[in-house]
Each structure stands twice: as C-alpha cells, then as structure tokens.
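Colleague: The following comprises the amino acid sequence and a computationally predicted model.
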Amino acid sequence: MINNDKNSHNNFNDAKVSESLNNSDTSKSKQSKILANQTVNIESDVGHNLHRHKAVRWLFLLLGFVFIGIGLLGMVLPGLPTTVFMILAAACWAKGSERFYNWIMNHKLFGKMVKDWQDKRAMPRRAKYLAWSMMTISCVFMFYRMPAHLTWVAVLTTIFCALTAIWMARLPDA
C-alpha cells in the first residue's frame, strides 16, 4: 500500500512538472537550452566519481596515461588493440582527473567508442571483424612458428582468443 502511495505521489509530481512546462511562457528554444544545460551538468558532474584520496587519484591519472600510450601504439602496431586501452584510460581518468576524462569523452576519434562502450556496452562491427581477423592470423602464425615443445602456449592462446571472440560476438553493434 505504501508503494502505491509513492507511485501516485511521483505521478502527481511528474504531472505538475509537465503541466508547468506546457503552461509556461518559455519558447521551445528556451526549453531546449534548459535541457541542453541539464545534459551538460550531468556530463560534467564527474567530480562525484573522483577518488577521495589524492594519492589514488594520481595513480589513476598515471595509469590513464599509460593506457593512452599503449592504445596509441595499438593504432600503428598490428595485433595490439586500441579501443580496449582507450576504455581503460577513460575508466582511470573518471576516478583520477575530470579534465582528462572530459578530454577523452569529447575526443573526435576516441570519444565515440568510449561512449558506446559506457552507454550500450557496444562495439563497432568493423572493430569486431578486425579483432577476429587479427586473433586468427596471430594464432595461425603461432602454430606455424612455435617450436614443438611450446605448442601448449599456442593452444592456450588459441583457446583464450576463441573465448574472447565468442564474448565479442555477443556484444551489440555500435
């Protein structure tokens, strides 16, 4: 019975808010500016997620730079992923630095893939195909070049890559 009262109270408040928006003298452009400001406030409210200890924030900041560096190397080195390390950098900077977190989230190249991951846990289909092909080429090459006494390393790597490929296939497309 209490839950019904709370729901009716929330419905009443929602009705009051929508009624006040409909009856107000503000134009649609003012309403969109208000909505845009609310979105900006939500996105820039990373300060809540920053770690409370300064030393830990510095550690997250440094880890973010390490992951950015590895991700940038992944752009030029075949077989080394980029997206994963950009997501890790964003996660570290969300806890360590509002400035760098906002930078990566608004970056024209990396921002979309990090936002897709955070919002939908999604990965672009092209990235999936590229990852699958790189894992396949790497595993085949390992079996071709690995000495006979180290075949177990190639088998374990292939199992890990296969599990990763299955996990990736289950992700939605961005």
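Modeller: Yep, it's here. Numbering: from 1, shown residues only.

Colleague: nearest residue to V114 other than its sequence neighbours?
Modeller: A90 (4.6 Å; Cβ to Cβ, 6 or more residues apart in numbering). To be clear about C-beta, it is placed using only N, CA and C from the backbone, and glycine gets the same treatment.

Colleague: which outside residues touch stretch 131-145?
Modeller: With contacts defined as Cβ atoms under 8 Å, 6 or more residues apart in numbering, stretch 131-145 is touched by 78-79, 81, 151, 153-154, 157-158, 161, 164-165, 168.

Colleague: Just the buried subset of these, written out for PyMOL, thanks.
Modeller: In PyMOL, a selection of the buried entries from these looks like this (16 or more other Cβ atoms under 10 Å):
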select buried, resi 81+154+157+158+161
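
Colleague: I'd like the contacts of stretch 131-145 laid out as CSV, including pLDDT and distance to A55.
Modeller: Shown next, in CSV, are those (pLDDT from 0 to 100; distance: Cβ to Cβ, whole Å):
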residue, pLDDT, distance to A55
P78, 74, 37
G79, 71, 35
P81, 82, 30
T151, 94, 45
V153, 94, 38
A154, 94, 42
T157, 93, 37
T158, 95, 41
C161, 92, 37
T164, 92, 34
A165, 93, 39
M168, 92, 36
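
Colleague: The contacts of stretch 131-145 in helices, which ones?
Modeller: Counting by DSSP state H, the part of those found in helices is 151, 153-154, 157-158, 161, 164-165, 168.

Colleague: From those, pick the one nearest L130.
Modeller: Of all the ones in helices among the contacts of stretch 131-145, L130 sits closest to M168, with 10.7 Å by Cβ to Cβ.

Colleague: my guess is that closest one contacts L130, does it?
Modeller: No - counting by Cβ atoms under 8 Å, M168 does not reach L130; the two are 10.7 Å apart.

Colleague: buried stuff in stretch 98-111?
Modeller: Here stretch 98-111 shows 98, 100-102, 104-105, 110-111 as buried, counting by 16+ other Cβ under 10 Å.

Colleague: Any chance of CSV for these, columns distance to K54 and pLDDT?
Modeller: As requested, the buried residues of stretch 98-111 are exported to CSV (distance: Cβ to Cβ, whole Å; pLDDT from 0 to 100):
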residue, distance to K54, pLDDT
E98, 14, 94
F100, 16, 95
Y101, 17, 95
N102, 19, 95
I104, 21, 96
M105, 23, 95
F110, 27, 92
G111, 27, 93
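
Colleague: Just flag the most distant two among the residues you listed.
Modeller: Checking the buried residues of stretch 98-111 with Cβ to Cβ, the most distant pair is E98 and F110, at 16.9 Å.
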